[in-house]
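*Asks:* sequence unknown, structure follows:
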Ligand SMILES: O=c1[nH]c(=O)c2[nH]c(=O)[nH]c2[nH]1
């Protein structure tokens, strides 16, 4: 059985006029967006973990929907409390590890609960460098307890567990990158609606939204080192973006995805969603100013509409399991 994404039984027939029995379709419940912040202390040096944890449980839940009998319902309030208690009791080694702990707990501790899906967003904080080089001392202790929230990407993970198998899909969103050259776009279809000029030296910028599925699916297998895997995958994405001489964002996307699949044996599939953050040269001719992509070029950064380039890159033989629409993950 796949732990992937619970689909449930087919839903009721649509159309109010149609006669026939009504059945309960896919259902799940839980507590969404538990904002958990944990501070751990090493002397005066503090560490921060800042998570947004959403829990969705499903299983033997016909009764509560059909008659309101709550005997199988673990209250969402209890679900919330469990998230906070686990942060205290077990710590947050990584978002993935924390999600695995929670999913295992819900599925194994309550008989009616058959599957758990834990979604986590992680926000990163950087230390604030103080005027004395971040090394203020109180007694013998170096004081490090001030942070600025990183404007960079949000780390994400989704853990799905059905009591037997695991699916871990991790990722990142809002990682903004830009190449100020080494990007062209030409040779495309031209019809009567085409006005786009061919570009032989353009800016290529995007906000990387990526989800990758780990090969790990069984407690029998060696578990990946989640933090290291995240850092390496992020690095491969960035390096492939920077190192690709791009003839289209589609080509860059494929290079980014295949770099991850080639370099990380523990990743079987990656889906990338890349908005093309168009930068167009401003026409400054009316002011007697030549403006081409040579030195000192001035661009207009349009924020919408934007091209949206999306694809899944897989290890040969792997099954595509990451949903096409990443907002549904
Ligand atoms: O890299 C690109 N891919 C496209 O499909 C496209 N379409 C477009 O107008 N500009 C671009 N750029």
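*Replies:* Looks like it arrived, so ask away. What you see is a predicted model; the values in this text were computed from it and never measured.
*Asks:* going forward, measure contacts and count neighbours with C-alpha atoms only.
*Replies:* Will do.
*Asks:* quick check: residues of the protein near the ligand?
*Replies:* Residues of the chain found near the ligand (C-alpha under 6 Å from any ligand atom) are 185, 248-250.
*Asks:* list the ones among those residues that fall in strands.
*Replies:* Taking DSSP state E, every one of the residues of the chain next to the ligand sits outside strands.
*Asks:* wouldn't residue 299 be in contact with residue 284 here?
*Replies:* No - contact between residue 299 and residue 284 fails when scored by C-alpha atoms under 8 Å: they sit 10.4 Å apart.
*Asks:* neighbour count for these two, which is higher?
*Replies:* residue 299 (17 against 12; other C-alpha atoms under 10 Å).
*Asks:* residue 72 in helix, strand or coil?
*Replies:* At residue 72 the chain is in coil, as set by DSSP: H, G, I helix; E, B strand; the rest coil.
*Asks:* actually residue 170, not the one I wrote
*Replies:* Assignment for residue 170 (three-state DSSP): strand.
*Asks:* okay, now it: neighbour count?
*Replies:* Residue 170 - counted by other C-alpha under 10 Å - has 25 other residues nearby.
*Asks:* now the nearest residue in space to it that is not next to it in sequence: how far from the ligand?
*Replies:* Closest residue in space to residue 170, ignoring its immediate chain neighbours: residue 157 at 4.0 Å, by C-alpha to C-alpha, 6 or more residues apart in numbering. Distance, residue 157 to the ligand, using C-alpha to the nearest ligand atom, to the nearest Å: 28 Å.
*Asks:* so the chain: which segments form each domain?
*Replies:* As assigned by automatic domain parsing, the chain contains the domains 28-164, 173-329.
*Asks:* could you give me the average pLDDT of the first one?
*Replies:* So that's domain 28-164. What domain 28-164 shows for mean pLDDT is 93.
*Asks:* give me the distance from that domain to the chain's centre.
*Replies:* With C-alpha atoms, centre = their mean, to the nearest Å as the basis, domain 28-164 stands 15 Å off its chain's centre.
*Asks:* show me the strands in the chain, by range?
*Replies:* Using DSSP E, strands in the chain cover 34-42, 45-59, 113-123, 125-127, 136-138, 141-143, 147-149, 154-161, 166-179, 204-214, 267-276, 279-281, 299-301, 307-314.
*Asks:* of those, which is nearest residue 223?
*Replies:* strand 204-214 (9.7 Å; C-alpha to C-alpha).
*Asks:* residue 167 and residue 161 touch, don't they?
*Replies:* Yes - the criterion here is C-alpha under 8 Å, and residue 167 meets it with residue 161 at 6.7 Å.
*Asks:* those two: which has the busier surroundings?
*Replies:* residue 161 (28 against 23).
*Asks:* contact partners of stretch 294-309?
*Replies:* Stretch 294-309 has contacts (C-alpha atoms under 8 Å, 6 or more residues apart in numbering) with 249-250, 253, 273-282, 291.
*Asks:* out of those, the closest to the ligand would be?
*Replies:* residue 249 (3.6 Å; C-alpha to the nearest ligand atom).
*Asks:* the closest one and residue 276 touch, don't they?
*Replies:* Yes - look at residue 249 against residue 276 with C-alpha under 8 Å: they come within range, at 7.3 Å.
*Asks:* which neighbours do these two share?
*Replies:* In contact with both residue 249 and residue 276: 204, 309, using C-alpha under 8 Å, 6+ apart.
*Asks:* on that earlier part again, and the gap between the residue nearest to residue 170 and residue 189?
*Replies:* 39 Å (C-alpha to C-alpha, to the nearest Å).
*Asks:* ok, those two, which is more surrounded?
*Replies:* residue 157 (22 against 6).
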